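output the structure for:
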Amino acid sequence: MPGKVLSHLDPDALDRLAQRLPLGSALVSATNGKTTTAAMTAEILSHRVSLAHNASGANLVSGVASTLLSAKNAELGLFEVDEAALPEVARRVRPRAICLGNLFRDQLDRYGELEHVAERWRGAVRALAPEAALVVNGDDPQLGDLSREHADSVVFGLDDPRHTVPALQHAADSKWCLACGRPYEYAAAYVGHLGDYRCPACGHRRPPLDVAASDVEMHGLDGVDFTLSTRAGERRVRLRVPGLYNVYNALAAASLALALGAELEDAVAGLERFAAAFGRFERISLGDRRVLVLLVKNPAGANEAVRTLVSGGSPKLAVLALNDEIADGRDVSWIWDVDWEPLLEGLDRVIATGARAAEMALRCKYGGFEPSAIEIIPDLGRALDRGLDLTPSGGELVVLPTYTAMLGLRKIVSERGFVRPYWERAA
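Numbers count the residues shown, from 1 in each chain. You can find the predicted model right below:
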C-alpha cells in the first residue's frame with residue numbers, strides 16, 4: 001500500500017529512491033524460484049552489506065517502492081521482481097545486475113505464452129547499461145540465448161547427467177529451437193525443459209557454463225549436496241532444502257552474489273545457512289505433529305514437488321489445495337498437465353481443498369486414484385484439521401497449495417499461534 005500511494009502522489013519517486021542506494025540494485029526474476037533465489041542471495045550478502053530486500057514477496061512496482069520507502073541506511077537493493085513487471089522495474093531502478101532464473105508456462109490468463117514474456121525480457125536486457133551484469137540460466141533455451149545479447153553475462157547450469165530424466169515431460173516448454181524451429185535434442189534434461197540442449201539442424205545449443213553444479217547427491221527431503229564450480233574455484237555445498245530446483249536456485253544466487261563482488265567462501269557459507277523461504281518448503285510444528293508445505297503453481301513446479309516428495313519416500317496422505325484467485329491464475333487447467341500419478345500411487349487418501357477443490361478431486365480420479373479415498377473439503381481450515389486428525393502423533397502432514405491457498409493456510413496456523421505472519425518474519 002505505501003508504494004501504491006507513493007506512485008500515485010509522485011510517479012517518479014521510485015526512480016529517485018533507487019538512485020540513492022550507494023551500491024545500486026540487483027533484480028531477480030523467474031517463473032519458479034525467484035523468492036527462494038532472492039532469499040538465498042540475501043543470506044549470502046547480508047553479512048557484509050545492508051540490504052533493501054522485499055523479503056515478503058511483494059514483487060510488483062508498488063512492492064519495490066514500498067521496500068525502498070521502508071529501507072533505512074540500505075546500501076544495496078535486492079529485489080525479487082514479477083515476470084511481467086521486470087521491464088518497468090529495470091527501466092526505473094537501472095540495476096547493476098539482473099538475474100533470470102527460468103521461464104515456464106504460468107498464468108496464461110495474465111502473461112500469455114512464455115515467448116511473449118521472453119521477448120519483453122529481451123528488451124529489458126538490451127536496455128541494460130553496458131557495465132551491468134546479466135546472470136542467466138543457460139539450461140533454459142530462452143535465457144541462454146539472452147546471454148548473447150549482453151557482453152557482461154554470467155551463465156549458470158547443471159552438469160550432472162546422472163540426474164537427467166529419461167525423456168522430456170509432456171508438459172515441457174521451449175522444446176523447439178529458437179533459431180530454426182526444429183526440436184532440440186537433449187544430452188541431459190533436468191527440470192522440465194531445463195538441460196543440456198542442442199539443435200541437430202542448425203547447431204543452436206546451450207552456451208558454455210561459467211557457474212555449474214556437479215556431483216549432485218540427493219538426500220530425500222533432508223537436503224542436497226553438490227560441487228559448486230566457478231571462475232574463482234570449486235567448493236562443496238550442502239543445502240538444507242531438497243530437490244534439483246533448489247540446486248538451480250542456489251546456482252542463481254551464488255552467480256548473482258559473485259557478480260556483485262561476493263567471495264566464493266561467502267557464497268558457500270550463505271547457501272549452507274539458508275532455510276527455506278516461507279511456503280516454498282516449510283515445516284511447521286503444530287503440537288505433536290508437523291505440516292510440510294510445498295508451493296505448487298504451474299506444471300513444472302508441481303512436477304518437481306512431486307518428484308522430490310516421492311524421492312524422499314511417498315507419504316500416505318496429502319492435502320491438495322487449489323485456488324483460482326488472481327495471484328494463482330484464474331485458469332486452473334494446468335493441473336491436468338501435472339504428472340500427479342507418481343505421488344498418487346503411494347497415497348492412501350487425498351484431501352482436496354480450496355476454491356477449486358472439486359476440480360482437484362476430479363484430476364485425482366482421472367489419475368486412477370480411488371474416488372472413495374478422496375475427501376472434498378473446500379474450507380482450508382477444516383481441511384487442515386481433517387488432515388491433522390488423520391496424521392498420527394509425531395507424524396507429518398504433506399500439503400501442496402497454490403499461492404493464495406498457501407497464504408491462507410499460513411494465516412490459519414499463525415492465528416493459532418504456531419508461526420509468525422510472513423511479513424513479521426520478513427521484517
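
every contact and neighbour count from this point should use C-alpha atoms.
Will do.

give me the number of residues near the closest residue to Asp266 other than its chain neighbours?
Closest residue to Asp266 apart from its sequence neighbours, by Cα to Cα, 6 or more residues apart in numbering: Ile44 at 6.1 Å. Look at Ile44: counted by other Cα atoms under 10 Å, it has 28 neighbours.

got it, and Ala300?
Neighbours around Ala300, by other Cα under 10 Å: 27.

now it: which helix or strand?
helix 299-311 (DSSP states H and E).

quick check: which ranges of the stretch 51-200 of the chain have low pLDDT?
Counting by pLDDT under 70, the ranges of the stretch 51-200 of the chain that qualify are 106-113, 169-172.

please repeat the previous calculation with a cut-off of 80.
For the stretch 51-200 of the chain, applying pLDDT under 80 flags the ranges 105-114, 166-174.

run through the strands of it in chain order.
Remark: strands assigned in the stretch 51-200 of the chain by DSSP state E, counting those that start in this stretch are 51-53, 76-80, 97-100, 133-137, 153-158, 185-191, 194-198.

JSON lines for the ones you listed, including mean neighbour count and distance to Asp12?
Listed next are the strands of the stretch 51-200 of the chain as JSON lines, based on neighbours: other Cα atoms under 10 Å; distance: least, Cα to Cα, whole Å:
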{"stretch": "strand 51-53", "mean neighbour count": "25", "distance to Asp12": "19"}
{"stretch": "strand 76-80", "mean neighbour count": "28", "distance to Asp12": "17"}
{"stretch": "strand 97-100", "mean neighbour count": "26", "distance to Asp12": "21"}
{"stretch": "strand 133-137", "mean neighbour count": "29", "distance to Asp12": "25"}
{"stretch": "strand 153-158", "mean neighbour count": "26", "distance to Asp12": "29"}
{"stretch": "strand 185-191", "mean neighbour count": "20", "distance to Asp12": "40"}
{"stretch": "strand 194-198", "mean neighbour count": "25", "distance to Asp12": "38"}
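
and for Thr41, nearest residue in space, chain neighbours not counted?
Ala253 (4.7 Å).

where does the one you found fall, secondary structure wise?
helix 244-259.

just the C-alphas of stretch 43-58, formatted as PDB.
The C-alpha coordinates for stretch 43-58 follow below in PDB (Å, rounded to 0.1, in the frame of the first residue of the first chain):
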ATOM      1  CA  GLU A  43      21.700 -14.700   3.100                       C
ATOM      2  CA  ILE A  44      25.000 -14.500   1.200                       C
ATOM      3  CA  LEU A  45      25.200 -10.700   1.100                       C
ATOM      4  CA  SER A  46      23.500  -9.500   4.200                       C
ATOM      5  CA  HIS A  47      26.500 -10.300   6.500                       C
ATOM      6  CA  ARG A  48      28.600  -7.800   4.500                       C
ATOM      7  CA  VAL A  49      26.100  -5.300   3.100                       C
ATOM      8  CA  SER A  50      23.000  -3.500   4.300                       C
ATOM      9  CA  LEU A  51      20.100  -4.600   2.000                       C
ATOM     10  CA  ALA A  52      16.800  -3.200   0.900                       C
ATOM     11  CA  HIS A  53      15.100  -6.500   0.200                       C
ATOM     12  CA  ASN A  54      11.400  -7.200  -0.500                       C
ATOM     13  CA  ALA A  55      11.600 -10.400   1.500                       C
ATOM     14  CA  SER A  56       7.800 -10.700   1.900                       C
ATOM     15  CA  GLY A  57       7.400 -11.300  -1.800                       C
ATOM     16  CA  ALA A  58       5.800  -8.000  -2.800                       C
END
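
what are the buried residues along that stretch?
Buried positions in stretch 43-58, judged by neighbour count with 16 or more other Cα atoms under 10 Å: 43-45, 50-58.

hang on, the earlier thing: let me see the mean pLDDT of the following helix or strand past the helix holding Ala300.
Using DSSP H and E, the helix or strand that follows helix 299-311 towards the C-terminus is strand 317-321. Mean pLDDT, computed over strand 317-321, is 98.

now do the buried residues in stretch 114-129.
Here stretch 114-129 shows 114-115, 117-118, 120-122, 124-125, 128 as buried, counting by 16+ other Cα under 10 Å.
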